[in-house]
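>>> Whatever this is, show me its structure:
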Amino acid sequence: MTANNARILIIGGGFGGLFTALDLSDAGEITLINDEDHFLFKPMLYEYLSGEVEAWHIAPECKELLDEKVRFVQGKVTNIDLDAGVVSVAGRAEPLSYDVLVFAPGAVTNYAGIEGAEEFSLPFRALNDANRLRRRMTEALDHVQPDAAPQDTRSALTFAVVGGGASGVELSTKMADLLRDAVKRRALKGEPRVLIIEMADRLVPGMGEDLRRFVEGALHESRIEVHTQTRVVRVTERTITSNTISNTLNWRRRASSGSPACALVRWLRASKLKKIGADCSWLSARCKRVNIRTSLRLATWLFIRTSCPPLREPPNSHFRSQDCAPAMCARSSKRNH
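Predicted coordinates:
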């Protein structure tokens, strides 16, 4: 295998996978596999929710972005055989062979086993998630009668965002602004109620105090209720049960028969590696950890590329992949190392 004829197979068309394909376009025969036909620029998903941008602005087709030298395959990965150096894709009779594998499937929302969270809450990671949330907000507004009392409007338009990191803060302010504008346009009495729930003792944990004060000011201006040191323990169709340091709180939405359920956006700071339907036993099942050296090398010729800060742990340390959706590079064992 020479540098210019290596078969490089990339799983995942997010930031990690796409830009790896672009950067390595002259390094060999590049193939990119992605579930969807498009790349999603997630930082602008909030603007898509509000209608400030269209889908094509933030979700161009992968083929439009990739170099013509890069081969694009749309489909779900069903199996990865590191020993044979092949990857199986749903709908394809023959597996794809590789010399170097880049594993960057992305992350999904981690519901942490909280009762009812996955069933009754909405994630916010994809175009369809934004579409569902917009529909839920519109349905809630449509169920408010023009002569409804202010407290009934507030009850019907109660939305909670779980997670007080940067993403949760931006989403909650966007939702509050959209709902308040809609209430004003429809000449309804009262105003919506948007809550942001964070387990830590402060919002945007890990960020500086100046930025935190700015965030708190923006939330205050948008009249968003902030609940820190609060952990959601149960979610139903119409209620959220949360434990605080002092007691247990219940947020209930009073609704008549046939009214829509209160929308809950579940956005935890923690994520987990996206399931791809393949046998990934080479990933530790416990907390999605992999045992690595400071060189980011594993005994099985796996390498990790992430957006995390540089590692400072000693050799053979454990690296937690839960927050940064790692891209892993594996060299086929059929080749000489």
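>>> low-scoring stretches of the stretch 101-250 of the chain, by residue?
For the stretch 101-250 of the chain, the stretches with pLDDT under 70 are 245-250.
>>> how does it look with 50?
Applying pLDDT under 50 to the stretch 101-250 of the chain flags residues 245-249.
>>> quick one: the helices in it?
117-120, 127-142, 150-156, 166-185, 209-221 (DSSP state H, counting those that start in this stretch).
>>> Of all the ones you listed, which one comes closest to G13?
Across those, G13 has its closest neighbour in helix 127-142 (13.9 Å, Cβ to Cβ). The C-beta positions use only the backbone N, C-alpha and C, and glycine is treated the same way.
>>> quick one, strands of the stretch 1-150 of the chain?
Using DSSP state E, counting those that start in this stretch, the strands found in the stretch 1-150 of the chain span residues 6-11, 28-34, 71-74, 77-81, 86-89, 96-97, 100-103, 107-109.
>>> Could you name the helices and strands sitting against the first one?
I take that to be strand 6-11. For strand 6-11, the elements it packs on are helix 15-23, strand 28-34, strand 96-97, strand 100-103, judged by 3 or more Cβ pairs under 8 Å, 6 or more residues apart in numbering; DSSP states H and E.
>>> now these in CSV, with mean neighbour count and distance to H143?
Output for those, formatted as CSV (neighbours: other Cβ atoms under 10 Å; distance: least, Cβ to Cβ, whole Å):
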stretch, mean neighbour count, distance to H143
helix 15-23, 19, 39
strand 28-34, 22, 38
strand 96-97, 18, 50
strand 100-103, 24, 45
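>>> and the ones you listed as TSV, adding distance to L122?
Shown next, in TSV, are those (distance: least, Cβ to Cβ, whole Å):
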stretch	distance to L122
helix 15-23	23
strand 28-34	23
strand 96-97	34
strand 100-103	28
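>>> quick one: which of those is nearest T173?
Of all those, helix 15-23 comes closest under Cβ to Cβ, at 24.0 Å.
>>> what packs against the closest one?
Counting by 3+ Cβ pairs under 8 Å, 6+ apart, the packing neighbours recorded for helix 15-23 are strand 6-11, strand 28-34, helix 62-65, strand 100-103, strand 327-331.
>>> Export the ones you listed as CSV, with columns for distance to A84.
CSV is the format used below for the helices and strands packed on helix 15-23 (distance: least, Cβ to Cβ, whole Å):
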stretch, distance to A84
strand 6-11, 13
strand 28-34, 16
helix 62-65, 26
strand 100-103, 11
strand 327-331, 12
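>>> Quick check: bridge partners of R7?
E29 (DSSP bridges).
>>> isn't it right up against R71?
No. The pair R7 / R71 is not scored as a contact, 10.2 Å apart, by Cβ atoms under 8 Å.
>>> who has more neighbours, these two?
The neighbour count for R7 versus R71, taken as other Cβ atoms under 10 Å, is higher for R7 (18 against 14).
>>> Tell me how far the more buried one lies from V73.
Counting by Cβ to Cβ, to the nearest Å, the gap from R7 to V73 is 13 Å.
>>> Overlap of the contact sets of these two?
Common neighbours of R7 and V73, using Cβ atoms under 8 Å, 6 or more residues apart in numbering, are T31.
>>> The helices and strands packed on helix 15-23: lowest mean pLDDT?
Among the helices and strands packed on helix 15-23, strand 327-331 has the lowest mean pLDDT, at a mean of 50.
>>> returning to what we had before: right, and the helices of the stretch 101-250 of the chain - which one's nearest D67?
Judged by Cβ to Cβ, the one of the helices of the stretch 101-250 of the chain that comes nearest to D67 is helix 127-142, at 24.6 Å.
>>> Could you double-check that I10 sits in contact with E29?
No. Contact status for I10 versus E29: not in contact, 11.4 Å apart, counting by Cβ under 8 Å.
>>> so what sits against both of the two?
Between them, I10 and E29 share no contacting residue, judged by Cβ under 8 Å, 6+ apart.
>>> got a list of what T173 touches?
T173 makes contacts with 218-219, 222, 224, as judged by Cβ under 8 Å, 6+ apart.
>>> same deal with L188?
L188 touches 144, 146, 148, 153, counting by Cβ under 8 Å, 6+ apart.
>>> Which residues does T244 form beta bridges with?
Counting by DSSP bridges, the residues bridging with T244 are T230.
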